Structures are given as C-alpha cells and as structure tokens.
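> Quick one: sequence and predicted model below, then my questions.
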Amino acid sequence: MVDVVLEVDGSRILDGISLAMAGDGISVIVGESGSGKSTLLRLCNRLEVPTSGVVRFRGVDIAALDPLELRRDVGMVFQRPTLFPGTVRDNLRVAAPDAGDERLRAALADVGLAASFLDRVGDELSGGEAQRACLARTLVTEPDVLLMDEVTSSLDPRAARLLEDLTVDLAQRGVAVLWVSHDLEQATRLGDDPVVLMAGRLASAEERAAFLDPSTGCDL
Amino acid sequence: MSEGDVAWVELAASLVLVAVAVALSAWRRLGLERTMVWASTRAAAQLLLVGSALTLAIDPDQPIVWSWVWVVGMVIFAAITIRRRAPEVPRLFPVALVAISAAAAVSLGVVFGLGIFPIEGRTVIPVAGMMIGNAMKDAVVAARRVVGELSDKRHEVEARLALGQPWQVASRPYLRSALRTALTSQIETTKSVGLVFLPGAMTGLILAGVDPVDAVLVQLALMYLILGSVATVVTVVGVGLTRRLFTTDHRLVRLPRSTS
C-alpha cells in the first residue's frame, strides 16, 4: 500500500498510508475507534477504492485485478457475525455453490465446529458460533489472505480467545492474516510489531511508543 | 343530457360536500379550511384545463399524433413525479423514465396491437393515463424498497460481495424482497376488486348508463393492463436502480439511511 488517501464527501478518512504486509503470519493493525482501521482493511479486497495512491497484491495494483477473484484470494470476516438466512450449509454454499458435504465439514473442522452444525439454522447459534461459521464460510473459498475486522468485538472473552487461537492455527498453516483490533492487549498478544493508526494516518515513532506502552494508561 | 351527465348546476351542487368538509374542519379547529378550498379550486382549474386540452387532442378530426404527444408528456411528467416523491433515492429519474416508457410501450402495444381497444384519441390518452398513474405509485414503492433493503442489509450484501459474488447475485435476495413488496399492493387490489370496491372506470361507465356487464368487460381489460404495466415498471425500476447502486467493480455505493 503506497501513499493511500481515501476521502468521503470531502472528509479525509485515510491520509497518506504507506505500509507493507508480510506474506505469512499475523500482521496486526491497532487504533482507536474511527481511526480508519476497517476502511484500510476494506481497501485490501476492494470494497473501497482509494482516492489516490496504490494498493498492491503480490506486487500487482489491485485496480488491475478481477475484483471477484481478488476477493476469493483475500477473504474477509466482519466485525458483526453476519449469517445469511438458512442453515450453515446454505451459508457455506453461498461461498462455494458446488462444494460437497466433505469439503463443508472440513471447513467447519478448521474452525472447531462439529459436522452437525451444517444443519443448524444461523439464528440458533451463539455469537461465537456464528462468527466461527462466518470464518468457515470464508475459508471455503480457500483464501491466501484473511482480513479479520475486529471479529471478536461482539464476543465474550472465552469465545474471543477461541477465535484468536483458531486464527493463530490458520496462520501457522500458511494463511496470511491481517488482524484489526482496538484492543491493545489482544493486538500485542497476536502480533509482535503492531501497526498503530491514529486519525487516519500512521502514528509517528513517539506516538506509537506511547500508545503501545501499558504504563501510559491508554484506555481504549 | 343523459342521466349520468353532470352539468354546471350539478357541479355547483356537489360543492356542498366541500362546504361540509370545511365546516367539519372549522368545528374541530383543524385549520384545514383554506387548504381544502384551495385544493378544490385548484383541482377544478386543473381538470377544466386538461378537459379543454383533451377536447382538442381526442377530437376525431385532429391527427392521432397529438394523442401520442400527450402520452409522451405524461411519461416524462410521471418520471419527474417519481423522482420528486422519492428524493432520497439516488439516480432515479433516468431509471423511472425508462421504466414508464417500457411499460407504456409494452402495455399500449398489447392493448392496441391486439385490438382490445381501437386506436383513437378517446382511448389512447385515458388508457395511458390509467396505466401510468397506477404504475407511478408502485414505482415509488419499488425504488424506496430497493434502497431501503440494500441500505438496511448493507452488512449482508457486503459479506456476499466479499465472498466473491458478483453484484447481480449478491443483490438478488434484496431485490426480490423489494419487488414483492412493491407488487403486493396491486395484486391485492386485483384480487379484491368487485368484493371490496368498484373500480373507477367501471363506476364511471355505469353512472354514464352503460350496461354493467359491458362495463365489467372494459374494467377487466383495464385491470389486466394495469397489472401488467405495474409489474413491468416495478421490475424495470428495481433492476435498473439496483444496477446503478453498484459500481462496475462490484462495490455497493454509499446509500442514504432507509426511510421506509
């Protein structure tokens, strides 16, 4: 991502962001609410396009790529668990219409859900189960990169930790993860070197150090 | 003058009903007296003006082209009205214009092509007016519902797009829901006709002394025409508007919050 600016209705949401994401492991972006974290993530699978600047995937400007293929390579799980009407099987088939039950069961196993969940209706699931089903739905497309947009913010601590562990496991199996969070503890737990975003721009070295220092008592 | 005719004296007598409405408003202190008088006066002026123009347009001695010019005017005015009634819907005017034009072309083509009514000024303008008038209100409902569905369910739509679905597929459940809502009113009207209310054209013909069965046949033809044209307009508005709410690279544009 090089010198990316995004403006909406004259308001600058992202201001000259330049950063590179590792091709493996978990990269973490942390910042306060409204700092532009989710918008930055949405640029990576072209749900948003920059006003200026370039976003590249494997060295190619994503504006030159087929957006539908890009989105299958760069999967995304959203903050709010959003299951479509119907069963979990119906949901997974939205992502992979031709997938057999074996492939669907494997996707559920990847997120720690039993095969019996295939026949469960989305409304019956807990928040944590629904978010894991959403993750399974994204994994069915076999993405190389996973964008995780504050995926634990609506979950209880136990469900949140479970999802973190699953993500670490996926990263160890070769899926590159870009994890966005406003939770400083979680950010430092998942990534060694989190990127700090402040009011739509990258924090300076001093701002970043102060932000990540627990002794400053920064309350998010 | 036949029994069904209303002359100036009878029209003046009907103003008694406006007086009753004004009196009720004054009695209950609703403050609507001036508005009622203005609305009644304006309606009279508009309809008398239209009636005079219609006299010229449907005169059998005048070329039929004037009737078609009138229809074109109605189509344009309907599209402007649809846009005005749903100001929160972006990019609506051209879609509404295409939808009303398509419905007019299809329904009038069927009605006159199959000889259901003869092509004369006295049939072209009223039939087109009935079709366009009914389609207009449902077009507004369709436009508002499409925007409402896509705005309210934006998180679902974007979850579908993020899975690699093209906009045509990602928008389908929400477009379907909007079209069903917009069409339900006309379908219910068609189902209940005769049981709950007698429609305007049939009532007018009966008042004018036409045999009730003949009046029913005319009314049925018109109802089918209206149903077909409403379905055409609602579908074209729904599909056309949805197309304009997504970018070519399959992103949902920013939408106003749902007002419905």
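Yep, that arrived. Numbering: from 1, shown residues only, chains lettered A, B, ... in the order given.
> Identify the bridge partners of residue A:15.
Beta-bridge partners recorded for residue A:15 (DSSP bridges): residue A:5.
> Near residue B:150, how many other residues are there?
Using other CB atoms under 10 Å in any protein chain shown as the criterion, residue B:150 is surrounded by 24 other residues. For every residue, glycine as well, the C-beta is placed using N, CA and C.
> Can you tell me the element it falls in?
For residue B:150, the host element (DSSP states H and E) is helix B:121-152.
> and residue B:256, helix, strand or coil?
In the three-state summary, residue B:256 is assigned as coil, counting by DSSP: H, G, I helix; E, B strand; the rest coil.
> quick one: pLDDT of it?
We note a pLDDT of 78 for residue B:256 in this prediction.
> I'd assumed residue B:87 was in contact with it.
No. Look at residue B:256 against residue B:87 with CB atoms under 8 Å: they stay out of range, at 9.4 Å.
> Tell me the helices and strands packed up against the helix holding residue B:150.
Helices and strands in packing contact with helix B:121-152 are listed as helix B:33-57, helix B:65-85, helix B:92-113, helix B:172-192, helix B:212-244; criterion 3 or more CB pairs under 8 Å, 6 or more residues apart in numbering or on different chains; DSSP states H and E.
> residues in contact with residue 129?
Answering for chain A, as no chain was given. By CB atoms under 8 Å, 6 or more residues apart in numbering or on different chains, the residues touching residue A:129 are A:113, A:117.
> was after chain B, sorry
For residue B:129, the residues meeting the contact criterion (CB under 8 Å, 6+ apart) are residue B:74.
> Quick one, grab the pLDDT at it.
90.
> Distance of it relative to chain A?
Residue B:129 is 41 Å from chain A, where distance means CB to the nearest CB, to the nearest Å.
> For the lengthiest helix in chain A, buried residues please.
With DSSP state H applied, the helix covering the greatest number of residues in chain A is identified as helix A:157-172. Along helix A:157-172, the positions that meet the burial threshold by neighbour count (16 or more other CB atoms under 10 Å in any protein chain shown) are A:159, A:160, A:162, A:163, A:164, A:166, A:167, A:170, A:171.
> And the contacts of it?
Residues from elsewhere that reach helix A:157-172 (CB under 8 Å, 6+ apart): A:24-26, A:110-112, A:126-128, A:131-132, A:135, A:139, A:146, A:148, A:151-152, A:155, A:177, A:179, A:186, A:189-190.
> Identify those among the residues you listed that sit within helices.
Among those, the members that lie in helices (by DSSP H) are A:110, A:127, A:128, A:131, A:132, A:135, A:139, A:186, A:189, A:190.
> Of these, just say which sits nearest to residue A:73.
Distance ranking of the ones in helices among the contacts of helix A:157-172 against residue A:73, using CB to CB, places residue A:139 first at 12.7 Å.
> how near is the closest residue to residue B:140 other than its chain neighbours to chain A?
Computed as CB to CB, 6 or more residues apart in numbering or on different chains, the closest residue to residue B:140 that is not its neighbour in sequence is residue B:85, at 4.7 Å. Distance check for residue B:85 against chain A: by CB to the nearest CB, it reads 25 Å.
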